[in-house]
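Visitor: mind folding the following:
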Amino acid sequence: MKTPKFIPHIILILLGLLLFNLESSLAEQYLDIDITDAKIKKISIAVPTFLEKDKPQTIHASGENMAILMGRALDFHGFINVIRDQTMDPLDLSAISAEYIITGRYKADGAKLILELRLIDGRTKKMLMGRRYRDIWAKQRQMIMKFCDEAIGKITGTPGISSSQMTFISDTSGFKEVYISDILGDDIRQITKHKKLTITPRLSPNGDKLIYTSYHKGNPNLYLIDFNKSANLTRPISRRKGVNYSPAFSPDGKYIILTMSKDDNPDLYKISITGEIIKRLTVNSGINVSPSFAPDGKHIAFVSDRSGAPQIYTLNLDTGHTRRITFAGVENTTPSWSPDGKWIAYTARTDNGYQISKIAAAGRAIPMQLTNYWGSNEAPNWSPDSRQIAFTRTRNGESKICTITADGQWLRELFKLQGNQTSGGWSNHLNFY
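Guide: Model (predicted):
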């Protein structure tokens, strides 16, 4: 196997190699919201308590809790000022001062919940959008998240991200296992229980499958979980000798690109969902890892040390043409292509440690450093709306998943869990309804 020319930073890759050897109205009018503008004036949205349809004069805990959840979902986006004043009268919208108002009315229909949600223009008090949901009471969260994202789409032209999830690695159990959480951190679930090192989890575009690499059989094999199968059936899809990791689903979910070293050199391969090799994409030109798809599905960004140090390249999957993207710095790794196709975020080694940068995907450009925090800031991953970036921040030996806006503002930590959390991977919007 080829000896790596660099020790930091394709950390997961080098660790893998080491362990293998050792172990609507007329024309839609949208607000031009630029979340990357630190001086942005936030959109004000009032969310009065939701009312029971048959007893609107009485405030119930169910209505209050649903309104609180709607407020949290809106607030997560960063450019919304949520107004949640309990003195607001849900029956008198004329007294509510906000750019927009979201109202809710609900009723029980046998074992089902009927929830009616409306987006109201705060100035004219006219309804801009309304939805009616009918499902079991346990699905009220999905109803609220779905409406939140549609309301943000109505206002800004780009849907919100409340109905997305994040997969990550955590050692909370004492072992590095795969977890999945809703974006607010209310429903965190441990997915794997191999009790061995597990790395690089990725969700399929529609969230029904998960791929990851585990060492529980000794070799770093690639596994797939199909959440549509009974008992979340787990099966290996690549157990070839050497490494099988750093996977990426194609945007249509029909195939996977990953790094394998079955022929000694770590190269990129295109394989089917069932594990058959479709095509070898790189051939012995350095170590090639960390593929990330462009939204068009025709290009990937990846890391190679073919120039002598790890840098970001793009590859045209139809023609095989490879183009180097990064030239500044001695080490650039873990690329993530934004869903809008405009940017590639990555980890850059700087004089101040590992930091998150981004560069225009269209061609040679000057990179923009997004973080400048002490410690290590690595492995960026874009939100579905391209407005935020999740990454792993490590300080004093403790790793947590954080998010920033697309220009590095509004740092916050996600998932209040014990231990370390790394390798955050954002899902697409989930189709609740």
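Visitor: quickly list what the closest residue to Ala361 other than its chain neighbours is bridged to.
Guide: If the residues on either side of it in the chain are set aside, Ala361 comes closest to Ile344, at 5.0 Å by Cβ to Cβ, 6 or more residues apart in numbering. From N, CA and C alone the C-beta is placed, and that goes for glycine too. Beta-bridge pairing for Ile344 (DSSP bridges): Trp337, Ile359.
Visitor: got a list of contacts for whichever helix or strand Ile300 is part of?
Guide: Per DSSP states H and E, Ile300 falls inside strand 299-304. Identification of contacts with strand 299-304 by Cβ atoms under 8 Å, 6 or more residues apart in numbering yields 10, 248, 257, 268, 282, 285-294, 310-317, 325, 332-337, 344, 346, 361.
Visitor: mind listing what the residue nearest to Ala361 touches?
Guide: 292, 301, 312, 314, 325, 335-338, 358-361.
Visitor: same thing with Tyr212?
Guide: Per Cβ under 8 Å, 6+ apart, neighbours of Tyr212: 178, 192, 198-202, 222-223, 225, 247.
Visitor: wait, is it part of a helix?
Guide: No - applying DSSP: H, G, I helix; E, B strand; the rest coil, one finds Tyr212 to be strand, outside a helix.
Visitor: quick revisit: filter the contacts of Ile344 down to the buried ones, PyMOL style.
Guide: Remark: buried members of these, expressed as a PyMOL selection using 16 or more other Cβ atoms under 10 Å:
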select buried, resi 292+301+312+314+325+335+336+337+338+358+359+361
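Visitor: return the member of the contacts of Ile344 nearest to Ser383.
Guide: Ser338 (9.0 Å; Cβ to Cβ).
Visitor: contact partners for that closest one?
Guide: 295, 344-345, 358, 361, 382, 386, 406.
Visitor: measure it to His321 for me?
Guide: 21 Å (Cβ to Cβ, to the nearest Å).
Visitor: thinking again about what came up before, okay, now the sheet partners of the strand holding Ile300, with direction.
Guide: Here, using DSSP bridges, strand 299-304 pairs with strand 288-293 (antiparallel), strand 311-316 (antiparallel).
Visitor: ok so, going back, wait, which of the contacts of Ile344 is closest to Ser94?
Guide: Once Cβ to Cβ is applied, the member of the contacts of Ile344 that ends up nearest Ser94 is Ser338, at 41.5 Å.
Visitor: that closest one and Lys254, how far apart?
Guide: Counting by Cβ to Cβ - Ser338 and Lys254 are separated by 22 Å.
Visitor: over to Leu417?
Guide: Taking Cβ to Cβ, one finds Leu417 at 33 Å from Lys254.
Visitor: and Ala98, by the same measure?
Guide: Taken as Cβ to Cβ, the span from Ala98 to Lys254 is 44 Å.
Visitor: do the same with Leu233
Guide: 19 Å.
Visitor: just Asp89 next, same as before
Guide: The value you get for Asp89 to Lys254, if Cβ to Cβ is used, is 52 Å.
Visitor: same deal with His194?
Guide: Distance from His194 to Lys254, by Cβ to Cβ: 27 Å.
Visitor: in terms of neighbours, single out the busier of the two.
Guide: A count of neighbours by other Cβ atoms under 10 Å puts His194 above the other of His194 and Lys254, at 17 against 12.
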